[in-house]
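> Provided below for reference: sequence and predicted model.
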Amino acid sequence: MPFPRRIAPLLPLVALLLPLPALARPAVRNIKSVHEFDALVKKHATETGLPVIVDFYSDGCGPCRQIAPAFKRMAEGDVGRAVYVKVDMNRQHELSNRYNVRSMPTFVFLVGGKKVNMFSGAGEQQLRQFATDAIIKSEAANVMIRTEELVRYYKEVDPEKEEKSVVEIAEKCASLTKGNKSKMCVGAAAGQLARKLKKKYSSAPELEKRFLPQEKTEDAETSSGSAGAKKGGKADKPNLQLATLEQLQEELEKRLDEIREKEEEEAEDDESEFAHSWTKGDFPERITIVGGGPAGLAAALYAARAGLAPLIVAPPIGGQLQGKGVDVENYPGVAADTGPGLVAKMREQAANAGALFEADTVTSIEEGRKGILRITTETGTVVETHAVVVATGADSRWLEVPGEYEMRGGGVSSCATCDGAAFFDKDVVVVGGGDTAMEEALVLARTSKSVTVVHRRDSFRASSVLAQRVLEHDKISVRWNATLTEIIGEDAPPDEDAAPVTDADAAPQKIVTGVVLTDVASGKHSKLPVAAVFVAIGHVPHTKFLEGVVAFQETHAGYVQTVGVSTATSRAGIFAAGDVSDPTYRQAVTSAGSGAAAALDAERWLSENGLGNEAAEFEAELLREMMEDMPDDGDGYNAYEDGGSDVAKGRKESSAADVPAAEEEAPEAKGPVDEEDDENIEL
């Protein structure tokens, strides 16, 4: 039967539909639409009872990338106990507004369709704690009391109570659960009723499981093809000859979504390569690099190519370049690439050259045994190393004004790429006048209703190209000669769908509603209503863990002092690269250059001090000792003796010159040659 003419355009795609095997849904599901999210939440609230744990993220958010591996591990460990999903803030503005998300990453925990918890930040311990709490709540709510059971119970404990009154109690209990179509006493209300009855009558009615475990938890309900599922749970296979054009397109979209999700999961697996590829050995590392930005990755590349097998200890944030949402235009050889994209390529190049990664944050460097340096991390890992390249970059500088600290996570941020999407179609403020402030303003102008740049001078310090773009943008305005002196806020509005708050001591989240601006010349104050404040007034070197270890610059507090034109510091074996020692240029390209210089300086220092590959040297020494310990009978060791070969018996071994002569003699041999004797023929 030929295909209808209207389906003919899809025939090249039919091959994609036929051979594709069923793909298992990834442990973490990426939400593509509000409809998909609502359908998923509804299903688990009414059919499975599983809690839904939501990660609001963006690709350019460094902390989001840092917590992603832990989120995935938790999802894999909680299969059948919780559902983990991710929502891209840059695409799903409606969902972020619904849950009042104002920074990234933000995690929302839903039980029975209601929000029971929420927090912002990349804290794995806090994430695990809230996830466990949500699972416990969901399991406690997975109970019900049937009306007939309640009637039976009252006949035993209170025979005088009328059945009509018992039914009314059951109905009242059922009404306490929102969206309860079963009209039965279920969830937390059922558990509460059972506890009250036990307290009163010393026994309780029998509780049943409201939701039974399902064989498959793949959330097929939101896929377009789920309507055709059979009662037995097996989906109908599409009959392509009988399918309409709409059905073919529907099935194709479903298959493509599955492929995309699989690719996303594999991409996350690739990222894990840069998390923990290092295993502690018996000997100190030759060189360890602290920091994972352009300086650290350039140092790793040069050290790896020198055969030093460098170890990079850094959280997978990628430095300030990771948060650069606009295209990188001032890095030679790079065109039409973002900061995160460039960092990803640097990581891959360093890994391919032989660098190892340990995703952790260094807290101290101290003197160890025999002059070896000991690096300690937040997780307690200790790395012993001969040389260290410090390339930890800088942290954001804050305004230190009233309201700033209290509302971090509630509208105060230092990363537009990370948190800008949370303020879609809202008014925002950027404070600063350098390149970073200009880039933040341009990023925010893509999604915000308006952007006001507040600068204390009458001209920008930024490059003329970026400054001109800001001044010409129709959504960006500038308040010259003004400073931000206060951030105004209020308690976040209550979430109607949220479960009742159980922690009475928990302070409500405050959100930004406006700022107070002060004119530099007149001192007059004015209020500006905004939903967010993005601070871009510079950075402070991340060198606190080096206090008492190396010398710092006298004129620039916090910046490491290097010796002469080299990257060496006052402590032998420690080298500094990037923003930790550069208060002047602070560019990605200059940081990468200083990272390369630090690796070269470290390599030269290791050579001058005779610090080579100790593991290889130990193996060579061990082999030499083994050879010396072997008995010497005068003749030395003959490898042929063990095999009983002809050479061991004193016969001459054939050489290449003997082969032609042997070939000439071969035709004179008479009689057939047995296969068994073939191996013994001498050439």
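Good, I have the coordinates.
> return the set of buried residues in stretch 367-376.
373, 375-376 (16 or more other C-beta atoms under 10 Å). C-betas here are computed from N, CA, C, even on glycine.
> in helices only, show me those residues.
If you go by DSSP state H, the buried residues of stretch 367-376 have nothing in helices.
> need those in a markdown table (columns: pLDDT and distance to residue 132).
What follows is these, written out as a markdown table (pLDDT from 0 to 100; distance: C-beta to C-beta, whole Å):
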| residue | pLDDT | distance to residue 132 |
| --- | --- | --- |
| 373 | 96 | 38 |
| 375 | 96 | 32 |
| 376 | 96 | 28 |
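> out of these, flag the one nearest to residue 464.
Nearest to residue 464 among the buried residues of stretch 367-376: residue 375, at 42.3 Å, using C-beta to C-beta.
> contacting residues for that closest one?
Applying C-beta atoms under 8 Å, 6 or more residues apart in numbering to residue 375 gives the contacts 288, 290, 313, 362, 364-365, 382-385, 388.
> can you flag the buried ones in the residues you listed?
288, 290, 313, 362, 365, 383-385, 388.
> make JSON lines out of these and add pLDDT and distance to residue 466.
Listed next are those as JSON lines, based on pLDDT from 0 to 100; distance: C-beta to C-beta, whole Å:
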{"residue": "288", "pLDDT": "97", "distance to residue 466": "36"}
{"residue": "290", "pLDDT": "97", "distance to residue 466": "31"}
{"residue": "313", "pLDDT": "95", "distance to residue 466": "33"}
{"residue": "362", "pLDDT": "95", "distance to residue 466": "33"}
{"residue": "365", "pLDDT": "96", "distance to residue 466": "37"}
{"residue": "383", "pLDDT": "95", "distance to residue 466": "39"}
{"residue": "384", "pLDDT": "95", "distance to residue 466": "44"}
{"residue": "385", "pLDDT": "96", "distance to residue 466": "40"}
{"residue": "388", "pLDDT": "98", "distance to residue 466": "35"}
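> of those residues, which belong to helices?
Assigned to helices by DSSP H, none of the buried ones among the contacts of residue 375 qualify.
> quick one: which of the residues you listed is nearest to residue 247?
Of the buried ones among the contacts of residue 375, the one sitting nearest to residue 247 (C-beta to C-beta) turns out to be residue 313, at 53.6 Å.
> how about the strands in the stretch 301-450 of the chain?
Assigned strands in the stretch 301-450 of the chain, in chain order: 311-313, 327-328, 337-338, 356-358, 362-367, 373-377, 382-390, 394-396, 412-413, 427-431, 450-454 (criterion: DSSP state E, counting those that start in this stretch).
> quick one: mean pLDDT over the third one.
Summarised as a single mean, pLDDT over strand 337-338 is 80.
> i'd like the first residue to be 6 from this point on
From this message on, residue numbering opens at 6, which makes the last subject strand 342-343.
> so what secondary structure elements neighbour it?
Here strand 342-343 touches strand 332-333, going by 3 or more C-beta pairs under 8 Å, 6 or more residues apart in numbering; DSSP states H and E.
> what about the strands in the stretch 556-688 of the chain?
Ranges of strands within the stretch 556-688 of the chain are 579-581, based on DSSP E, counting those that start in this stretch.
> so where's it uncertain?
636-688 (pLDDT under 70).
> and the chain, by the same measure?
Low-confidence segments of the chain, defined by pLDDT under 70: 6-30, 184, 219-247, 259, 261-280, 322-323, 328-331, 500-513, 636-688.
> of the buried ones among the contacts of residue 380, which is the nearest to residue 86?
Nearest to residue 86 among the buried ones among the contacts of residue 380: residue 318, at 33.4 Å, using C-beta to C-beta.
> helices along the stretch 256-405 of the chain, start to end?
Taking DSSP state H, counting those that start in this stretch, the helices of the stretch 256-405 of the chain run over residues 299-310, 324-327, 344-358.
> and if you look at the stretch 456-605 of the chain?
Going by DSSP H, counting those that start in this stretch, the stretch 456-605 of the chain shows helices at 469-477, 593-613.
> list the buried residues in stretch 351-363.
Within stretch 351-363, the residues that count as buried by 16+ other C-beta under 10 Å are 351-352, 355-356, 358-363.
> alpha carbons of it, as CSV, please.
Only the C-alpha atoms of stretch 351-363 are listed here, as CSV (Å, rounded to 0.1, in the frame of the first residue of the first chain):
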residue,chain,number,x,y,z
MET,A,351,40.8,24.8,27.5
ARG,A,352,39.8,22.0,29.9
GLU,A,353,39.6,19.4,27.1
GLN,A,354,42.9,20.5,25.7
ALA,A,355,44.6,20.2,29.1
ALA,A,356,43.1,16.8,29.7
ASN,A,357,44.1,15.5,26.3
ALA,A,358,47.7,16.6,27.1
GLY,A,359,47.7,14.6,30.3
ALA,A,360,46.5,16.9,33.1
LEU,A,361,44.5,15.4,35.9
PHE,A,362,41.6,17.1,37.7
GLU,A,363,40.3,17.1,41.3
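> so which residues make contact with it?
278-283, 297, 299, 302-303, 305-306, 308-310, 312, 314-319, 323, 382, 386, 388.
> again with stretch 585-602
Residues from elsewhere that reach stretch 585-602 (C-beta under 8 Å, 6+ apart): 296, 298-307, 324-326, 333, 335-337, 347, 394-399, 544, 546-548, 558, 561, 564-567, 571-572, 582-584.
> ignoring the adjacent residues along the chain, who's closest to residue 476?
Excluding the flanking residues, the one nearest residue 476 by C-beta to C-beta, 6 or more residues apart in numbering is residue 483, at 7.1 Å.
> for the one you found, name its beta-bridge partners.
Residue 483 has these beta-bridge partners by DSSP bridges: residue 458.
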